[in-house]
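J.: starting from these lines, generate the structure:
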Amino acid sequence: MNLNISGHHLEVTPSIREYVNSKMERVIRHFDNVIDVNVILSVEKLQHQVEATVHVRGRDIHVEATDENMYAAIDLLADKLDRQVVKHKEKSMDHRNESIKQHQPTAE
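T.: Model (predicted):
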């Protein structure tokens, strides 16, 4: 997995980079087919915004989160991203199971 973290009007400190990396590990634990992740951290007035685009096989998942605290925004983003990745995984598993059921001969 390639992880790209960038800041807009914000310097990405090593502690923020490590925190984002640890949260993205949780996403990878649920779904192994993540190709790359782009994370953009930005600050506008008093709002901290975090955006992430995850490229998985067959789809790009884009998630945004905003909060007054950067670490809280990263937590919200990780939760949203985790739900989206699990949802994508379940959909792909359902489609695969349906195709297997259609190709099996029926025992009569």
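
J.: ranges for the helices of this protein?
T.: Remark: helices assigned in the chain by DSSP state H are 14-30, 70-103.

J.: now the weakest link among these, please, by mean pLDDT.
T.: Note on the helices of the chain: lowest mean pLDDT is at helix 70-103, with a mean of 81.

J.: helices or strands up against that helix?
T.: Where contact means 3 or more Cβ pairs under 8 Å, 6 or more residues apart in numbering; DSSP states H and E, helix 70-103 is packed against helix 14-30, strand 34-44, strand 47-56, strand 59-67. Glycine gets a C-beta too; all of them are placed from N, C-alpha and C.

J.: and the gap between Asn4 and Val54?
T.: 11 Å (Cβ to Cβ, to the nearest Å).

J.: okay, now Met24: neighbour count?
T.: Burial measure for Met24: 23 neighbouring residues, criterion other Cβ atoms under 10 Å.

J.: that one and Val37 touch, don't they?
T.: Yes: contact criterion Cβ atoms under 8 Å: Met24 and Val37 qualify, at 5.7 Å.

J.: anything in contact with each of the two?
T.: 1, 3 (Cβ atoms under 8 Å, 6 or more residues apart in numbering).

J.: how near is the residue nearest the centre of the chain to Glu11?
T.: Nearest to the mean C-alpha position of the chain, by Cα atoms, centre = their mean, lies Leu81 at 3.8 Å. Applying Cβ to Cβ, the value for Leu81 to Glu11 is 23 Å.

J.: try Asp60
T.: Note on Asp60: its distance to Glu11, by Cβ to Cβ, is 27 Å.

J.: ok, residues contacting stretch 13-31?
T.: Residues outside stretch 13-31 that contact it (Cβ under 8 Å, 6+ apart): 1, 3, 5, 34, 37, 39, 41, 54, 56, 70-71, 74-75, 77-78, 81-82, 85-86, 88-89.
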